[in-house]
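Peer 1: Starting from these lines, generate the structure:
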Amino acid sequence: MTMPVWAERPTRFGASVKGLVLALIVAAVLFPIYMVVLTSLSTQEAVSKAGGLVTVPGELSFAAYEQLFAGGVVIRSIGVSLGVTVVGTLLSLTVTVLAAYGLSRPGSLLHRPMLFLVLLTFLFGPGMIPSYLLVSSLGLIDSYWALILPTAVTAFNLVVMRAFFMNIPEEVTDSARIDGASEFRILWRIVLPMSKGVTAVIGLFYAVGYWNAFFNATLYLNDSTKWPLQVVLRQFVLQGQSMFVGQTGDTAVGGHALPPSLAIQMAIVTLALIPVLVIYPFVQKHFTKGVIIGAVKG
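Peer 2: Alright, predicted model coming up:
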């Protein structure tokens, strides 16, 4: 029996080419991160010599990070981003799991109309003005809930999780019902333990979305003390060092001149990258098992 081409064992040359391509892809991903981190640790002389982002290490300095943490603006914004991310992810996962499980049961109440409404959101969005009017009418302007509720459920994540739930054998849930288990007990004791992969991936999607979001904050938050980290980064790009000068009452850090604005900007980008880089490796192993299987088989 002839094996398909993609199932055949690669030759030594083919394996070498694949390894080279993967190495180039890894380098293309890591090199920009390397430049960002190195620039955040560089002095004005190194930045001026490089003419922008620094690629060759020179004299290193933590002045950019000292300047950021000295003013309190970044520390406060990191706290806001962490709070919104944690609360928003937990809320979004809870609602998505409950809705996906309900829509995965063919006999559930209003199953088809609700599924149609969910799928309809793929084609039509509410628009910025109607969304703002709705948030305003609910009294959520200048509230942290304005950063969570408008994006609490994503139709794509809901459809993927529903597809995964539908792949769970009905015999497993039917036997639990015969033993007298309620739907919530079946979901908590049987379905969720079998869906750790897809739950972890969907949770990562929501967490990254909340952490990186800035548009809702610029739209719904007028109080700058409630800004998340991404908005602070955006404001610094627009305002430059003037955003931090005056927070400490001087124009120097540790007796030295202010660090270059590019270094401060890259320092904020580095702080924004750290949580994703730390969490992603623990969830990456679930991607194939969690999302691809659920999406294809559903």
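Peer 1: Run through the residues that contact residue 183.
Peer 2: Contacts for residue 183 (CB atoms under 8 Å, 6 or more residues apart in numbering) come out as 101, 105. The way it works is simple: take the backbone N, C-alpha and C, and place the C-beta from them, glycine included.
Peer 1: Need the per-residue pLDDT for it.
Peer 2: The model reports residue 183 with a pLDDT of 85.
Peer 1: Residue 54 should be in a helix, yeah?
Peer 2: No: under the criterion used here (DSSP: H, G, I helix; E, B strand; the rest coil), residue 54 is coil, not part of a helix.
Peer 1: That one: neighbouring residues, count only.
Peer 2: 26 (other CB atoms under 10 Å).
Peer 1: and residue 48, what element?
Peer 2: Using DSSP states H and E, residue 48 sits within helix 44-50.
Peer 1: Which pLDDT value belongs to residue 38?
Peer 2: 93.
Peer 1: secondary structure class for it?
Peer 2: helix.
Peer 1: so what's it up against?
Peer 2: Per CB under 8 Å, 6+ apart, neighbours of residue 38: 54, 55, 57.
Peer 1: what's the closest of those to residue 63?
Peer 2: residue 54 (14.2 Å; CB to CB).
Peer 1: The closest one reaches residue 48, doesn't it?
Peer 2: No: using CB atoms under 8 Å, residue 54 is not in contact with residue 48, being 10.0 Å away.
Peer 1: which residue ranges form the strands in the chain?
Peer 2: Along the chain, counting by DSSP state E, strands occupy 252-253, 256-257.
Peer 1: weakest of those strands in terms of mean pLDDT?
Peer 2: Per-segment mean pLDDT for those reaches its minimum on strand 252-253, at a mean of 49.
Peer 1: Averaged over its residues, which helix or strand of the chain has the lowest pLDDT?
Peer 2: helix 293-297 (a mean of 46; mean pLDDT, DSSP states H and E).
Peer 1: Roughly how far does the residue nearest the centre of the chain sit from residue 130?
Peer 2: Most central in the chain under CA atoms, centre = their mean is residue 208, positioned 0.7 Å from the mean C-alpha point. From residue 208 across to residue 130, the span is 26 Å (CB to CB, to the nearest Å).
Peer 1: next one: residue 273
Peer 2: Applying CB to CB, the value for residue 273 to residue 130 is 34 Å.
Peer 1: before we move on, what about residue 177?
Peer 2: In this view, residue 177 and residue 130 are 42 Å apart by CB to CB.
Peer 1: same thing with residue 51?
Peer 2: Taking CB to CB, one finds residue 51 at 46 Å from residue 130.
Peer 1: what's the distance between residue 278 and residue 204?
Peer 2: Distance from residue 278 to residue 204, counting by CB to CB: 12 Å.
Peer 1: what touches both of these two?
Peer 2: In contact with both residue 278 and residue 204: no residue, using CB under 8 Å, 6+ apart.
Peer 1: So these two - more neighbours on which side?
Peer 2: Taking neighbours as other CB under 10 Å, residue 278 and residue 204 compare with residue 204 leading, 21 against 9.
Peer 1: Can you get me a residue count around the spatially closest residue to that one that is not a sequence neighbour?
Peer 2: Once flanking residues are discounted, residue 204 sits nearest to residue 283: 4.6 Å by CB to CB, 6 or more residues apart in numbering. By the criterion of other CB under 10 Å, residue 283 has 17 neighbours.
Peer 1: Wait, residue 283 touches residue 199, no?
Peer 2: No: with contact defined as CB under 8 Å, residue 283 does not reach residue 199; the gap is 10.1 Å.
Peer 1: longest helix anywhere in this protein?
Peer 2: helix 73-104 (DSSP state H).
Peer 1: how distant is it from the center of its chain?
Peer 2: How far helix 73-104 lies from its chain's middle: 10 Å, per CA atoms, centre = their mean, to the nearest Å.
Peer 1: helices and strands around that helix, which ones?
Peer 2: helix 111-120, helix 155-166, helix 196-212, helix 229-239, helix 261-284 (3 or more CB pairs under 8 Å, 6 or more residues apart in numbering; DSSP states H and E).
Peer 1: coming back round to it: now do the contacts for the residue nearest to the centre of the chain.
Peer 2: Residue 208 makes contact with residue 276 under the criterion CB under 8 Å, 6+ apart.
Peer 1: How confident was the prediction at it?
Peer 2: 90.
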